[in-house]
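A.B. asks: A structural model of the following input is requested.
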Amino acid sequence: MDKTKRAQQVLEQFGLSGNEATVYQSTLSLGQTSPFGIAKATGIPRTTVYAVLTDLALKGLVELESATGLMKQQTKVRAKNPSALREILWKKRESLVKQEVDIVEILPFLKKEYLKDE
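C.D. replies: Predicted coordinates:
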């Protein structure tokens with residue numbers, strides 16, 4: 001399997017949609033670009049690219065710089081350092097550990113409720 005396909009697969013397993021993974025990889029390879037440039041490179045419709053970029057920005061994987069004032073320039077897009085993926089994993093891990101502690105805390109109560117009619 002080539003590295004691009006493998007990266008796509010891993011990014012989707014990480015939790016990105018297919019379009020998010022494709023757009024993210026495109027922003028990494030293109031450097032600073034525009035939604036139009038990403039749409040042209042990926043074949044994904046520009047309107048979809050805008051929505052995907054918003055989701056990626058909310059996830060902390062890309063930076064968006066909107067045009068200001070009367071300037072006719074497009075939104076500029078830049079991928080953040082891919083190390084952000086590890087930071088996201090660490091946050092997910094922390095959250096899962098906290099959830100496990102909470103579940104362990106309420107488990108005796110839930111078991112008691114479950115066994116009450118037996």
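
A.B. asks: Find me the pLDDT at the residue lying closest to residue 32 once chain neighbours are set aside, would you?
C.D. replies: Computed as Cβ to Cβ, 6 or more residues apart in numbering, the closest residue to residue 32 that is not its neighbour in sequence is residue 78, at 4.8 Å. Just so you know, the C-beta spots here come from the backbone N, C-alpha and C atoms, and that holds for glycine as well. As predicted, residue 78 sits at a pLDDT of 94.

A.B. asks: Residue 78 in helix, strand or coil?
C.D. replies: strand (DSSP: H, G, I helix; E, B strand; the rest coil).

A.B. asks: Okay, now the unreliable bits of this protein?
C.D. replies: Low-confidence segments of the chain (pLDDT under 70): 68-73.

A.B. asks: Can you spell out which residues form a bridge with the residue nearest to residue 32?
C.D. replies: With DSSP bridges as the criterion, residue 78 is bridged to residue 63.

A.B. asks: Please look at it and residue 63 and confirm they touch.
C.D. replies: Yes. Using Cβ atoms under 8 Å, residue 78 is in contact with residue 63, at 4.9 Å.

A.B. asks: Any idea how far stretch 6-17 is from the middle of the chain?
C.D. replies: Put simply, stretch 6-17 sits 9 Å off its chain's centre (Cα atoms, centre = their mean, to the nearest Å).

A.B. asks: Would you indicate which residues of it are buried?
C.D. replies: 7, 8, 11, 16 (16 or more other Cβ atoms under 10 Å).

A.B. asks: mind putting those in a markdown table, distance to residue 98 and secondary structure included?
C.D. replies: As requested, the buried residues of stretch 6-17 are exported to a markdown table (distance: Cβ to Cβ, whole Å; DSSP: H, G, I helix; E, B strand; the rest coil):
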| residue | distance to residue 98 | secondary structure |
| --- | --- | --- |
| 7 | 30 | helix |
| 8 | 31 | helix |
| 11 | 25 | helix |
| 16 | 23 | coil |
